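take this sequence and fold it.
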Amino acid sequence: LQLDHDSILLLAVGRSHTAKDYPNLLRAFAQIKQNTDHNVELLIAGDGEEREHIQQLIGSLAFQKNVYLLGRRNDIPQLMSAADLFVLSSSFEGFGLVVAEAMACNTFVVATDCGGVKEVMGHTGICCPSQDSEQLAAALIKAIEMSPHDIQENNLNASKHVQDNFDLNLIEKKWLTLYES
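Got it, this is the predicted structure:
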């Protein structure tokens with residue numbers, strides 16, 4: 001992508017679907033660009049039926065040089081590890097597996113409070129109301145302005161939370177115990 005090394009990279013991962021509420025994310029991104037001096041870039045990985053609509057919105061907001069639609073990717077863990085922040089802008093979600101994946105990659109998470117996302121995050125990252133671009137922008141700006149030490153401490157706690165609660169071996173043992181009882 002040849003991005004500036006000084007850029008703050010925001011990453012969203014998910015299919016281009018109304019549930020992911022990318023218009024909400026793009027409106028929040030517009031507020032970030034207006035209200036901070038930080039050089040922020042947004043990467044969106046995934047493809048789907050809403051891609052054209054998202055491209056049109058990017059064009060109307062004049063973000064062609066700051067927002068990158070990456071399409072379907074096979075290197076999501078690497079993208080998550082390279083990103084400064086992972087953002088989930090969904091209006092509704094089930095479990096929120098992508099949030100747990102970002103946490104396991106030691107990436108700070110800003111997500112909307114929908115479905116099981118808050119439970120997946122535990123007491124890490126920043127969770128904000130869904131379908132509210134102002135709140136999402138405020139949460140992202142707060143995360144951008146956090147100290148590297150606080151980010152690192154959060155990410156360690158988040159990774160531990162994922163290991164302690166969602167590790168496949170742990171889940172397998174819980175299911176076996178349940179079946180045996």
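
in the chain, where is pLDDT below threshold?
Applying pLDDT under 70 to the chain flags residues 1.

now the strands for it?
Assigned by DSSP state E, the strands in the chain fall at 8-13, 40-45, 67-71, 85-88, 108-112, 126-128.

for D21, find the nearest of the ones you listed.
Nearest to D21, of all the strands of the chain, is strand 108-112, at 7.4 Å by Cβ to Cβ. In this view, the C-beta of every residue, glycine as well, is placed from N, C-alpha and C.

elements contacting the closest one?
strand 85-88, helix 97-104, helix 117-121, strand 126-128, helix 133-144, helix 148-166 (3 or more Cβ pairs under 8 Å, 6 or more residues apart in numbering; DSSP states H and E).

can you tell which of the ones you listed is closest to E50?
strand 85-88 (15.6 Å).

rewinding a little: just the helices and strands packed on strand 108-112: most buried one?
Compared across those, strand 85-88 shows the largest average neighbour count, a mean of 26 (mean count of other Cβ atoms under 10 Å).

sorry, back to before: and the helices and strands packed on strand 108-112 as CSV, adding distance to Q78?
Listed next are the helices and strands packed on strand 108-112 as CSV, based on distance: least, Cβ to Cβ, whole Å:
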stretch, distance to Q78
strand 85-88, 13
helix 97-104, 12
helix 117-121, 21
strand 126-128, 24
helix 133-144, 21
helix 148-166, 16
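
thinking again about what came up before, tell me which of the strands of the chain sits nearest to E119.
Per Cβ to Cβ, nearest to E119 of the strands of the chain: strand 126-128, 10.1 Å.

can you give the strand pairings for the closest one, parallel or anti for each?
Sheet pairing for strand 126-128, assigned by DSSP bridges, gives strand 108-112 (parallel).

who's in contact with the most centrally placed residue in the chain?
By Cα atoms, centre = their mean, the chain has its centre lying nearest to V87, at 2.2 Å. By Cβ atoms under 8 Å, 6 or more residues apart in numbering, V87 lies in contact with L10, L11, A12, L25, V109, V110, A111, L136, L140.
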